[in-house]
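# Mind folding the following:
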Amino acid sequence: QVQLVVSGGGLVQSGGSLGLSCAASGDTSCIAAMAWYRQAPRLERELVAAIRSGRPTYYSDSVKGRFTISEDSAKNTVYLQMNSLQPDDTAAYYCNALGEDTYNCKFWGQGTQVTVSS
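Numbers count the residues shown, from 1 in each chain. Reported below is the predicted structural model:
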């Protein structure tokens, strides 16, 4: 089992910045990729950014150029730096860990609220 602990988030004014972190613990050997998702009220959960060793990082069009995903493999931690935040970025943000075996290796961290005021 893998445990994902998310920290960060909070309230920020439009144009501001916030950072999120997600620390993985437990049997992390199956993890191949880490990602951040978000879910706003009444909307589906959407993929925001993803990172996998040896592959280009992925960003959704809505955050490209403003958000940066990074990882510290030694600490089994993935980060999401969010700049130029806008009210549309308001959502609960979730960390995800995924292995090649997506059935047996797929884990979610607890959500953290990001609220951007206009």
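
# and Leu20, how many neighbours?
24 (other CB atoms under 10 Å). All C-beta spots, glycine's among them, are computed from the backbone N, C-alpha and C.

# can you give me the strands for the protein?
With DSSP state E as the criterion, the chain has strands at 2-8, 10-13, 18-26, 31-39, 46-51, 58-59, 67-72, 77-82, 91-99, 106-108, 112-117.

# Would you format the ones you listed as TSV with mean pLDDT included?
Shown next, in TSV, are the strands of the chain (pLDDT from 0 to 100):
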stretch	mean pLDDT
strand 2-8	96
strand 10-13	97
strand 18-26	96
strand 31-39	96
strand 46-51	97
strand 58-59	98
strand 67-72	96
strand 77-82	97
strand 91-99	96
strand 106-108	95
strand 112-117	98
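
# Hmm, Gly111 and Gln39 touching each other?
Yes. Using CB atoms under 8 Å, Gln39 is in contact with Gly111, at 7.4 Å.

# And the residue nearest the centre of the protein?
Trp36 (2.3 Å; CA atoms, centre = their mean).

# Who does that one form a beta bridge with?
Counting by DSSP bridges, Trp36 forms beta bridges with Ala49, Cys95.

# For stretch 68-85, buried residues please.
68-69, 71, 76-82, 85 (16 or more other CB atoms under 10 Å).

# which two in the residues you listed are spaced the farthest apart?
The two members of the buried residues of stretch 68-85 with the most space between them (CB to CB) are Asn76 and Leu85, at 26.4 Å.

# distance of Thr28 from Gln86?
The gap separating Thr28 from Gln86 is 33 Å, by CB to CB, to the nearest Å.

# Neighbour count: those two, which is higher?
Neighbour count, other CB under 10 Å: between Thr28 and Gln86, Thr28 has more, with 18 against 15.

# residues touching that one, list them.
Thr28 is in contact with 2, 76, 97, counting by CB atoms under 8 Å, 6 or more residues apart in numbering.
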